[in-house]
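*Asks:* Can you look at this prediction? I've put the sequence above it.
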Amino acid sequence: MIALLAAIVLPLAGATQINVQVESGGVHLIAAAGIHTVTIRRMGGGNAAPPHVEVSRPGASTISVSLTGKSAVNLPFVSGAAGSGAYEIVYPAKLRIAAEDHDGSIVASNARGDLDLEADHGDVTVTLAPGWNGPELRMQSASGNLRLTVPHVFHARVDASTGSGQLHNALGRGNAKAPFVWLYTQQGDIWISRT
């Protein structure tokens with residue numbers, strides 16, 4: 001059974017960017033309008049050890065969060081659902097997110113702003129909200145698949161490549177100067193589709 005464990009709530013206090021590093025387990029990023037804090041919840045079964053959390057403020061506009069602690073079950077995400085050993089992060093919609101997961105997958109739902117997402121050994125899945133207005137979107141993985149779903153009316157300059165997988169790009173390279181969308185995986189497939 002999946003349960004939400006105690007939440008960590010971080011006030012923004014003027015921050016416009018959050019950097020997240022996860023040692024093990026998946027991450028589900030959820031953009032929400034009308035909030036002014038970042039909420040982090042650990043999701044897992046009864047045997048999930050509490051994570052070790054380090055929060056720092058390297059600059060006035062940035063909050064850095066490091067989540068460490070091995071989970072009993074590694075998480076593959078299926079349609080954005082979270083499993084054992086996962087983190088759910090709810091953040092203000094316009095906040096810039098940079099997230100790196102060393103041993104798990106990253107899912108971003110309803111994304112509205114700038115994203116820079118990297119999974120060393122997992123998939124990266126992003127669904128952009130209608131009206132997404134980030135200047136750029138970066139998705140990369142060493143050994144996972146990348147899936148990007150964009151609104152029906154979406155134009156961008158797209159650079160997508162894979163070392164040893166297949167590319168399925170419903171957008172083409174795009175002729176827009178901005179926003180810039182970059183996707184790269186060494187050993188996985190890339191899917192870009194419209195809603």
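*Replies:* Noted; the coordinates are in hand.
*Asks:* Okay, and the beta partners of I97?
*Replies:* I18, L115 (DSSP bridges).
*Asks:* Buried residues of stretch 122-137, list them for me.
*Replies:* Under the neighbour-count criterion of 16 or more other Cβ atoms under 10 Å, stretch 122-137 has G122, D123, V124, T125, V126, T127, L128, A129, W132, G134, L137 buried. For every residue, glycine as well, the C-beta is placed using N, CA and C.
*Asks:* and what of stretch 17-27?
*Replies:* Under 16+ other Cβ under 10 Å, the buried positions of stretch 17-27 are Q17, I18, N19, V20, Q21, V22, E23, S24, G25, G26, V27.
*Asks:* Start and end of it, how far apart?
*Replies:* For stretch 17-27, the first-to-last residue distance is 17 Å (Cα to Cα, to the nearest Å).
*Asks:* Report the distance from that stretch to the chain centre.
*Replies:* Averaging C-alpha positions (Cα atoms, centre = their mean, to the nearest Å) puts stretch 17-27 8 Å from its chain's average.
*Asks:* for it, what is the average pLDDT?
*Replies:* Per-region confidence: stretch 17-27 scores 93 on mean pLDDT.
*Asks:* Now for the most far-flung residue of the chain relative to its centre: which residues touch it?
*Replies:* Note on the chain: the largest C-alpha distance from the chain mean falls to N175, namely 25.8 Å (Cα atoms, centre = their mean). Remark: with contacts taken as Cβ atoms under 8 Å, 6 or more residues apart in numbering, N175 is in contact with H155, R157.
*Asks:* For the closest residue to A98 other than its chain neighbours, give its distance to S24.
*Replies:* Of all residues beyond its chain neighbours, the one nearest A98 is D116 (4.3 Å), with distances taken as Cβ to Cβ, 6 or more residues apart in numbering. When distance is defined by Cβ to Cβ, to the nearest Å, D116 is 20 Å away from S24.
*Asks:* again, but for A15
*Replies:* 26 Å.
*Asks:* does S24 really touch H102, like I thought?
*Replies:* Yes: using Cβ atoms under 8 Å, S24 is in contact with H102, at 6.7 Å.
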